[in-house]
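**Q** Quick one: sequence plus predicted model below, questions after.
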Amino acid sequence: MHRMTQYRILSRSWSLRAIAVCAALIALPATAQMPIANADYDASGYVTPAGMTHPSMYQGGVVPAGMAFSAGMMNNGAAAFPGGIMPVGFMSGGQCDENCGSCDPRATAFGNGLLRGGLMGCRESGSGLLSGGSCFDAFCNYWSIDPRYLGSNLRGLGNGLRPYGEICGLRWYDLSVEAVFLGHTQGLNNMPVTGVGSVNPPTDVALSLNDAKDGDELAAGVRLSGALICGVGGNIEANYMGGNEWDARAVANSATNNLYSFITDFGTAVVLDDVDESSSQSIGVESEFHTIELNYRRRTMGPYCRFQGSWLFGLRYLQFRNEMQYSAYRSPTRFFDSSDRVRNHMFGAQVGGDVWWNIHSGVRLGMGLKTAWVQNEAKRSFTVNSNSIANAVINDTHRGNDLMCEFELKFIWQLNHSWKFRSAYYAIAAEDIAFASIDKNSVLSLAPGGSPVDPAYVFDDLVVQGFSFGAEYNW
């Protein structure tokens, strides 16, 4: 009798526990949704794909990521979506494009070939839970990549190098660092500078401007970029690119002191003999490049997540310094040195945007364009020192309005949640850039008895272009 009573008490206790557990499980979905229902999507930078209702319009909360689906749930219709939006990649249980909400005949979930992307794919169409049987054929056939053709090769690289991410993941980063290798156009026409013998025009050119083209070689620099979320799909973005320095020099020597300069028409119109009958003459060109941007960028998502884009507006500053040295030497009492340094300061407003193609989960190709209307303040310092001219300096400033454009072709390979590999091609073009030169008239005006004349500016278009390798980081 005692044992029977104890057994009944124990049975009642377990029954009460079972009822409590069942009640908790029934109440869990509603209670779990409570804090998520008040999620501040705007502050997080959330962007809704085109054609999709913003999550704030749904009743209830957000279905947790990684939620498992069964045939029974699907048969319940709306019960499968208990008042909330499905997270990105909800059909995959992992990285998108391995089993995601695109198109692929291999997909078995829902039994209709809806869930994976095909290389020129979607070769089969099923009932189409989301598409009404179309399986987005027109879109997927042209813009989807099938892991059967790409994923197998990516997996062969090892898990550490496999692309990571969601096909619908918004393009985002907090900080990027790149090593940039750039070259630039010269801005000056080729002309003879030094000739052998007193002949005009020279029959034997010892030096010309093309012998010192500094921008032909790629110079290393750095590109830094940081972004801070500012509203729905928006961010404040700051960029710096530069630190690239170019240097080129050329020298001509004569054992018979038979080098003549263009300043005296190669010895046929001598006003300043410091530059003729030289044993050595040389020219050198140096350049330096910097650019800074501060922009507001607004991102948007295209249908089916294959394409994303953005527009921006902001401020831009570009600095390009160009310097040319010219020297002639025969002896300590017969020498000539000149230096022309021009520094372009360009500042103004810019607008632009970019478009990204999500080739595969974690693999993206982007193209961007920016245009700026700037004021260029060119500051010049022209210095001459020779045995006839003692450290003469001419300073001058020129101002004008110019147009500047930048083209970007970018590639992203996402390694994990925080890190991405990044590579890009950059081309920056600016009109009416002032270049350093050797102004013959200004040099001759500095000779004893002359009246100094400001050197003339040489303007030409500048194109700075090259490529980069680097990384992006997300907190």
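**A** On my side now, so go ahead.
**Q** Please make it C-alpha for all contacts and neighbour counts, starting now.
**A** OK.
**Q** Which stretches in the stretch 351-475 of the chain count as helices?
**A** When secondary structure is read from DSSP state H, counting those that start in this stretch, the stretch 351-475 of the chain shows helices at 440-445.
**Q** Can you show me the strands along it?
**A** In order along the chain, the stretch 351-475 of the chain carries the following strands (DSSP state E, counting those that start in this stretch): 363-386, 392-414, 419-435, 458-473.
**Q** Can you lay out these as CSV showing mean pLDDT?
**A** Formatted as CSV, the strands of the stretch 351-475 of the chain follow (pLDDT from 0 to 100):
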stretch, mean pLDDT
strand 363-386, 96
strand 392-414, 95
strand 419-435, 96
strand 458-473, 96
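**Q** Out of those strands, flag the one nearest Asn235.
**A** With distances scored as Cα to Cα, the stretch of the strands of the stretch 351-475 of the chain nearest to Asn235 is strand 458-473 (15.4 Å).
**Q** got the buried residues for that closest one?
**A** 460-473 (16 or more other Cα atoms under 10 Å).
**Q** ok, and what's touching it?
**A** Applying Cα atoms under 8 Å, 6 or more residues apart in numbering, the external contacts of strand 458-473 come out as 173-188, 218, 418-437.
**Q** please redo it, this time with the cut-off set to 7 Å
**A** 173-185, 187, 418-435 (Cα atoms under 7 Å, 6 or more residues apart in numbering).
**Q** Would you verify that Thr268 is located in a helix?
**A** No. For Thr268, which was evaluated using DSSP: H, G, I helix; E, B strand; the rest coil, the result is coil, with no helix membership.
**Q** Give me the distance between it and Ser261.
**A** Taken as Cα to Cα, to the nearest Å, the spacing of Thr268 relative to Ser261 amounts to 10 Å.
**Q** So between the two, which is more surrounded?
**A** Each of Thr268 and Ser261 had its neighbours counted (other Cα atoms under 10 Å), and the higher figure belongs to Ser261 (29 against 15).
**Q** Which residue is the nearest non-sequential neighbour of the more buried one?
**A** Closest residue to Ser261 in three dimensions, ignoring its sequence neighbours and counting by Cα to Cα, 6 or more residues apart in numbering: Thr194, at 4.8 Å.
**Q** Around that neighbour, count how many other residues there are.
**A** Other residues near Thr194 come to 30 when the count uses other Cα under 10 Å.
**Q** for the one 10 residues further on, same thing?
**A** Residue crowding around Asp204 was assessed by other Cα under 10 Å; the count is 12.
**Q** shouldn't it be in contact with Gly195?
**A** Yes. Distance between Asp204 and Gly195: 5.7 Å, which falls inside the contact criterion (Cα atoms under 7 Å).
**Q** okay, now the domains of this structure?
**A** Each domain of the chain is listed here as a residue range: 103-162, 175-473, per automatic domain parsing.
**Q** By mean pLDDT, show me the worst of those.
**A** The stretch with the lowest mean pLDDT among the domains of the chain is domain 103-162, which comes in at a mean of 45.
**Q** what does stretch 288-305 contact?
**A** With Cα under 7 Å, 6+ apart as the test, stretch 288-305 has contacts from 47-51, 167-168, 233-246, 307-322.
**Q** Pull out the buried residues from these.
**A** 47-49, 167-168, 233-246, 307-322.
**Q** Run through the strands of the stretch 201-350 of the chain in chain order.
**A** Under DSSP E, counting those that start in this stretch, the stretch 201-350 of the chain gives strands at 205-208, 219-229, 234-253, 259-261, 280-301, 307-331, 334-360.
**Q** Kindly compare burial across those and name the winner.
**A** Stretch with highest mean neighbour count among these: strand 259-261 (a mean of 30; mean count of other Cα atoms under 10 Å).
**Q** Mind giving me the packing neighbours of that strand?
**A** Contacts of strand 259-261 with other secondary structure elements, assessed using 3 or more Cα pairs under 7 Å, 6 or more residues apart in numbering; DSSP states H and E, are made with strand 192-196.
**Q** Can you name the residues in contact with the strand it packs on?
**A** By Cα under 7 Å, 6+ apart, the residues outside strand 192-196 that reach it are 202, 204-209, 258-262, 266.
**Q** Would you format those residues as a markdown table with distance to Cys405 included?
**A** Written out in a markdown table, the entries for the contacts of strand 192-196 read as follows (distance: Cα to Cα, whole Å):
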| residue | distance to Cys405 |
| --- | --- |
| Pro202 | 40 |
| Asp204 | 41 |
| Val205 | 38 |
| Ala206 | 38 |
| Leu207 | 34 |
| Ser208 | 31 |
| Leu209 | 28 |
| Asn258 | 47 |
| Leu259 | 43 |
| Tyr260 | 42 |
| Ser261 | 39 |
| Phe262 | 36 |
| Phe266 | 41 |
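**Q** From those residues, pick the one nearest Val342.
**A** Closest approach between those and Val342, by Cα to Cα: Leu209, at 17.0 Å.
**Q** Could you find the closest non-adjacent residue to Thr371?
**A** Using Cα to Cα, 6+ apart and skipping the chain neighbours, the partner closest in space to Thr371 is Cys405 (4.4 Å).
**Q** what about that neighbour, neighbour count?
**A** With neighbours defined by other Cα under 10 Å, the count for Cys405 comes to 18.
**Q** do the same with Thr203
**A** Thr203 is surrounded by 11 other residues when neighbours are defined as other Cα under 10 Å.
**Q** same question, Leu403
**A** Neighbours around Leu403, by other Cα under 10 Å: 17.
**Q** wait, what's in contact with the closest residue to Arg223 other than its chain neighbours?
**A** Leaving out its chain neighbours, the residue that sits closest to Arg223 by Cα to Cα, 6+ apart is Met241, at 4.2 Å. With contact set as Cα under 7 Å, 6+ apart, Met241 has these partners: 222-224, 290-292.
**Q** now, the most widely separated pair of the contacts of strand 192-196?
**A** Greatest spacing in the contacts of strand 192-196, by Cα to Cα: Leu209 and Asn258 (19.4 Å).
**Q** neighbour-wise, which of these two wins?
**A** Set side by side, Leu209 and Asn258 show unequal neighbour counts under other Cα under 10 Å, the larger going to Leu209 at 20 against 16.
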